[in-house]
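> Next come a sequence and a model predicted from it.
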Amino acid sequence: MLQINCNKGELVNNGFKVPNHLAIIPDGNRRWAKEHDMPAWKGHWEGGKVVDNLFDWCAELGIPNATIWASSTENLKIRPKKEVRELFKVYQHFLERWEKKESILDKYKIKVRFIGDIEKLPKEVVNLMGKIMMKTAPYQKRMFNILINYGGKLEILNVMKRLAETFVKLGKVQITEKVIQKNLMVPVPVDLIIRTGGNSRLSNFMLWQSTYAEMIFLDKLWPDFTKKDLVNCIKEFNRRQRNFGK
């Protein structure tokens, strides 16, 4: 893990460390909209603004790997069609911002990967994702994974299919923890999971990578999440004793 060196002064010289891999489940967009007497999809627009800010916060705090769950495989199947269409508009809006020359991704040299069953998304959204991944591919300092149409079971199923294909091709296959981890969509183990929205569950999120992750559940809804909340979660992370199953 890396030492925090934040010029804002919150954690300087206090011996705090940031997680090597931070993962966020940003729950509560629709409830936020309901509380503000707005249609559900308005909450996704507000939540998207926080994701935009998250690039800044993670870079300023020196977090090398971050993953955020934009939507699950279940979300896109069972949510009302109008809400899903609006969600795709949110994706497109922010993707267009990040694809522009000299965007926030270029400022902080952030490599972005879009992970999940993305081929089922609208063509214009998929094309923007491809452009952003190509544009940020040379960056090595920071990695930001955005999970879209993703589920932990789907990820593990894809690993098993890949290993089965290897067996058919070569007539043998070695299955070890290292081999499985190498074939995951996100191979870096998660150190800290933050879930907003008040629910205390993983909900099919990064099942393999989260084996020894510390978890923090916040009652605050995602559109209300701030940098101060992130810093406080990292402080709590530093107070915990990690045993890794020992």
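Great, that's in hand.
> Count the residues that sit near the nearest residue to Glu119 once chain neighbours are set aside.
Nearest non-adjacent residue to Glu119, counting by CB to CB, 6 or more residues apart in numbering: Val126, 6.7 Å away. In this view, the C-beta of every residue, glycine as well, is placed from N, C-alpha and C. Neighbourhood size, Val126 [other CB atoms under 10 Å]: 16.
> what about Val126, distance to Leu154?
The spacing between Val126 and Leu154, counted by CB to CB, to the nearest Å, is 17 Å.
> For Ala66, which three-state class applies?
Of the three states, Ala66 takes strand under DSSP: H, G, I helix; E, B strand; the rest coil.
> Tell me what it is bridged to.
Going by DSSP bridges, Ala66 is paired in beta bridges with Leu22, Phe144.
> can you pull the contacts of it?
His21, Leu22, Ala23, Ile24, Leu54, Cys58, Arg142, Met143, Phe144, Asn145 (CB atoms under 8 Å, 6 or more residues apart in numbering).
> Tell me the confidence at the residue of the chain positioned farthest from its centre?
Within the chain, the residue lying farthest from the chain centre (CA atoms, centre = their mean) is Gly171, at 36.1 Å. At Gly171, the model reports a pLDDT of 85.
> and it, what are its phi and psi?
With angles defined as degrees, to the nearest 10, Gly171 sits at phi 80, psi 0.
> you'd agree Val125 is in a helix?
Yes: secondary structure of Val125 (three-state DSSP): part of a helix.
> pLDDT score assigned to it?
Reported pLDDT for Val125: 96.
> Wait, Val186 touches Leu207, no?
No: when contacts are counted by CB atoms under 8 Å, Val186 is not listed as touching Leu207 (11.3 Å).
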